[in-house]
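1. Quick one: sequence plus predicted model below, questions after.
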Amino acid sequence: MNPDFTETQGLLQHSIRQYVEAEVGFAHIRELEEKRQPDQKLWAGMVAQGWLGIPLPEAVGGGDAGLVEAGILVHELARRAAIVPAVEVLTSAVLLSRSAKDDESELLKAIVDGRAIVVPALLEADDDFGSTRAAVDRGGKLSGEKHYVDYAEFATHHLVSAVGPEGPGLYVVERGDAGVSLEPLRCTGRTPQSIVRYAGASARRVADEAAIATLVDLGRTLVSAQILGCMEIALEQTVAYTNVRVQFGQPLAAFQAVQHHAANMAMSVESARFMVYEALDALENGRGNAHDVAIVKAFVSRAVPEVTMLAHQLHGGQGLIEENDLYFFTVRGKDRALSWGSAEECLDRIAEEIESAPRWL
């Protein structure tokens, strides 16, 4: 992939950045964190802008673009610590668009125009994507429990992995069903998350077992774009601060040790940028696979705490207070580093093919 955006992609990035910076203030984000609520106003704006349909076909009201463009949206929202289920809805929508066993046009149209919010519900108490105990009986009733479901309460539908009469697969469940109950959680990133319990909830099978792995790959790649946004803004804030903070008669940025730290941060950010967008492009064009996606997620999950901790170190005392906006990106970055598979989980996935011949030779 050419690491430079096309003119159209650059214009998309610019327009999203302008809109989000104008509409999302950090004071507002603090209020939402305290209330443990998503940003309803921003979500409505995203619907009005047509952003939820970016990677979807024109036939359902989408923009007929691809995963790189979806990654740009996620990346830019992360730069403002936005509390919206962009990764969750885009991942679900792309899966339903490309891997569903039947035509899901009506649900996709509802996603694009804001009538439906679909979020994945995959993990259970053992925190293992490969383990599913939730079950759907022959009457289409789902029983089981899902943990760490982001924006579960805000959603209208859950995309649930479960074992049915036809084997493992993905099922759509309406959140308002009487058999669905939620237990809110407090997570590192301070965004809405819940344990969801299904007790005989009506479930409709939409995809087979292979789609679960596809959904994980999509989620890991898009959440890596979120992490990139956190790293990027932490670097930008640090460079700006060290250029104005004077110590011993000169800006902190004039000291070689500070420059070395900033250079290390910049190398991590630029490496992550190339890897994330290369992975998105590869998935879009049929070159991607679970092994390569795991490499990207493992890298960014290890890089983000290093970059944000260096940012706090270079901010000195300013880095210890939550009045400084840096903390948004530290907690969000750490939370996203653990979601969709931590660095250790992704390294385990990579190790499964450690003895395979490299594809690039």
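-> Looks like it came in fine.

2. could you pull out the helices for the stretch 1-150 of the chain?
-> Along the stretch 1-150 of the chain, counting by DSSP state H, counting those that start in this stretch, helices occupy 7-23, 26-35, 40-49, 67-78, 86-99, 105-112.

3. for stretch 249-267, which positions count as buried?
-> 252, 253, 258, 261, 262, 265, 266 (16 or more other Cβ atoms under 10 Å). C-beta coordinates here come from the backbone N, C-alpha and C atoms, glycine included.

4. does residue 170 count as helix, strand or coil?
-> The three-state label for residue 170, taken from DSSP: H, G, I helix; E, B strand; the rest coil, comes out as strand.

5. Sorry, slip of the keys, the one I care about is residue 155.
-> For residue 155, the assignment made with three-state DSSP gives coil.

6. so what are the domain limits for this structure?
-> The chain breaks down into these domains under automatic domain parsing: 7-112, 118-208, 211-351.

7. Next one: residue 35 relative to residue 42, how far apart?
-> Plainly put, residue 35 is 14 Å away from residue 42 if you go by Cβ to Cβ, to the nearest Å.

8. ditto for residue 311
-> 25 Å.

9. Would you mind telling me which of those two has the busier surroundings?
-> Neighbour totals were compared for residue 311 and residue 42, and residue 311 leads with 27 against 22 (other Cβ atoms under 10 Å).

10. which residues touch that one?
-> Going by Cβ atoms under 8 Å, 6 or more residues apart in numbering, residue 311 touches 234, 235, 237, 238, 265, 319, 326, 329, 330.

11. which ones among those are found in strands?
-> In strands, judged by DSSP state E, none of the contacts of residue 311 are found.

12. any chance of the residues you listed in JSON lines, with pLDDT and distance to residue 67 too?
-> As requested, those are exported to JSON lines (pLDDT from 0 to 100; distance: Cβ to Cβ, whole Å):
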{"residue": "234", "pLDDT": "98", "distance to residue 67": "25"}
{"residue": "235", "pLDDT": "98", "distance to residue 67": "24"}
{"residue": "237", "pLDDT": "97", "distance to residue 67": "28"}
{"residue": "238", "pLDDT": "98", "distance to residue 67": "30"}
{"residue": "265", "pLDDT": "98", "distance to residue 67": "26"}
{"residue": "319", "pLDDT": "91", "distance to residue 67": "34"}
{"residue": "326", "pLDDT": "97", "distance to residue 67": "29"}
{"residue": "329", "pLDDT": "98", "distance to residue 67": "23"}
{"residue": "330", "pLDDT": "97", "distance to residue 67": "27"}
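
13. surely residue 61 meets residue 53?
-> Yes. At 5.4 Å, residue 61 counts as touching residue 53 under the criterion of Cβ atoms under 8 Å.

14. Show me the common contact partners of the two, please.
-> By Cβ under 8 Å, 6+ apart, residue 61 and residue 53 have these common neighbours: residue 112.

15. who's more crowded, these two?
-> More neighbours surround residue 53 than the other of residue 61 and residue 53, with 24 against 17 (other Cβ under 10 Å).

16. how near is the residue nearest to the more buried one when sequence neighbours are not counted to residue 109?
-> Leaving out its chain neighbours, the residue that sits closest to residue 53 by Cβ to Cβ, 6 or more residues apart in numbering is residue 62, at 3.5 Å. Distance, residue 62 to residue 109, by Cβ to Cβ: 9 Å.

17. which of these two has more neighbours?
-> Ranked by neighbour count (other Cβ under 10 Å), residue 62 and residue 109 place residue 62 first, with 20 against 17.
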